[in-house]
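Asker: Sequence first, predicted coordinates after that:
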Amino acid sequence: MNKQIAEALGTFTLVLFGCGAAVIAGGDIGLTGISFAFGLALIAMAYGIGPVSGCHINPAVSLGMVAAGRMTMPEAVKYIIAQIIGAIAAALVLWVIASGKAEYSIAENGLGQNGWGAGYLGEYSLIAALIFEVVATFLFMVVILGATGANAPASLAGLAIGLSLVVIHLVGINVTGVSVNPARSIGPALFAGTTALAQLWLFIVAPVIGAVAAGALFKTGLLDAKPTD
């Protein structure tokens with residue numbers, strides 16, 4: 001249970017502070033600030049809970065680990081349940097906090113939910129959103145698997161992974177709000193309304209495809225470094 005508690009807490013932190021940066025402080029810190037909020041939250045949790053659970057805090061990452069042969073499916077399922085619970089709890093807490101301001105409306109201000117199309121940020125198409133989420137998650141998973149590989153310096157893994165999430169957000173916030181993490185998308189969507197729920201499938205399917213593809217690539221041994229003598 002220690003691992004599941006860690007994963008729930010880590011995902012809670014990522015969603016609360018990442019989405020919270022967008023909902024509460026977005027007008028002050030802009031897209032760059034929001035990008036760093038997600039990345040720094042991940043870095044903090046990587047060092048805080050990494051020794052306990054590995055700090056996946058992302059169902060796609062857990063499934064990517066399964067594809068890479070670094071995790072069993074039964075263990076991944078336990079991680080994913082904990083991650084989704086953490087994300088939903090964070091979205092609820094964020095909603096309560098944001099509602100403390102009289103001008104806040106979830107219909108108008110949202111809850112940091114992901115999306116695409118007319119009325120959503122850069123109004124990118126479904127195809128653009130799908131391609132971005134698959135490719136971004138694939139590259140994110142490559143960084144995760146590489147940074148936690150046999151020859152990688154373990155002390156720098158959290159920093160590398162967190163900064164890669166910053167870069168992904170800097171490029172992709174206007175496209176989809178950036179998911180690369182089904183739990184991060186599920187939490188806010190449950191409270192944000194019909195459009196977010198209708199579009200949620202993409203933010204579950206695309207990250208899983210990208211992460212599993214990266215895991216399968218590492219499983220072949222083409223990128224997975226072997227320990228040196």
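Answerer: That came in fine, so what should we check first?
Asker: What spatial separation is found between residue 206 and residue 62?
Answerer: Relative to residue 62, residue 206 is positioned 16 Å away (criterion: CB to CB, to the nearest Å). To be clear about C-beta, it is placed using only N, CA and C from the backbone, and glycine gets the same treatment.
Asker: again, but for residue 220
Answerer: When residue 220 is compared with residue 62 (using CB to CB), they lie 20 Å apart.
Asker: So for the two, which sits in the more crowded spot?
Answerer: Neighbours were counted for residue 220 and for residue 62 using other CB atoms under 10 Å; residue 62 has more, 28 against 9.
Asker: Return the residues in contact with the more buried one.
Answerer: Contact analysis of residue 62 by CB atoms under 8 Å, 6 or more residues apart in numbering lists 56, 71, 76, 79, 80, 83.
Asker: Measure how buried the first one is and give me the count.
Answerer: Just to be clear, that refers to residue 56. By the other CB under 10 Å criterion, the neighbourhood of residue 56 contains 28 residues.
Asker: Identify the residue spatially nearest to the residue at minimal distance from the centre of the chain, adjacent ones excluded.
Answerer: What sits nearest the mean C-alpha location of the chain, by CA atoms, centre = their mean, is residue 181, with 3.4 Å. Counting by CB to CB, 6 or more residues apart in numbering, residue 58 is the residue found nearest to residue 181 once chain neighbours are left out, at 4.2 Å.
Asker: quick one, phi/psi of that neighbour?
Answerer: Taking degrees, to the nearest 10, you get phi -170, psi 120 for the backbone angles of residue 58.
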